[in-house]
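**Student:** Everything below, folded, please.
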Amino acid sequence: MNDERAMPFELKKAIAANFEATVKFASLSDSQLSDLISGASQIRSQAEMDDYVIRSLLA
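**Tutor:** Down below sits the predicted model:
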């Protein structure tokens, strides 16, 4: 979709996915790695929810 309204969500989603991939290869302790991946997953989930709400309001 080439809609400008979708761009912020797609950007957030890409940043979260990139962050998750980067964190997986970082040399951190298991608990630190788990916390960072969990945080990135929460960011992605929130971005998806934001997108759903925005699309519902615009429909």
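**Student:** ranges for the helices of the protein?
**Tutor:** Counting by DSSP state H, one finds helices in the chain at the ranges 7-24, 30-58.
**Student:** Next up, the contacts around Ala17.
**Tutor:** Taking CB atoms under 8 Å, 6 or more residues apart in numbering, we find Ala17 in contact with Arg44. (Glycine included, C-beta is placed from N, CA and C.)
**Student:** Report the contact partners of the spatially most central residue of the chain.
**Tutor:** By CA atoms, centre = their mean, the chain has its centre lying nearest to Arg44, at 2.6 Å. Taking CB under 8 Å, 6+ apart, we find Arg44 in contact with 12-13, 16-17, 20.
**Student:** Most neighbours among the residues you listed, please name it.
**Tutor:** Greatest neighbour count in those, by other CB atoms under 10 Å, goes to Ala16: 20 neighbours.
**Student:** re earlier: mind giving me JSON lines with the contacts of Arg44 and columns for distance to Glu48?
**Tutor:** Output for the contacts of Arg44, formatted as JSON lines (distance: CB to CB, whole Å):
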{"residue": "Lys12", "distance to Glu48": "9"}
{"residue": "Lys13", "distance to Glu48": "7"}
{"residue": "Ala16", "distance to Glu48": "10"}
{"residue": "Ala17", "distance to Glu48": "12"}
{"residue": "Glu20", "distance to Glu48": "14"}
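**Student:** What is the nearest of those residues to Asp35?
**Tutor:** Sorting these by distance to Asp35 puts Glu20 at the head of the list, at 12.5 Å, by CB to CB.
**Student:** residues in contact with the nearest residue to the closest one once chain neighbours are set aside?
**Tutor:** Leaving aside its chain neighbours, Glu20 sits nearest to Ala40 (4.4 Å; criterion: CB to CB, 6 or more residues apart in numbering). Residues near Ala40 by CB under 8 Å, 6+ apart: 16, 19-20, 23.
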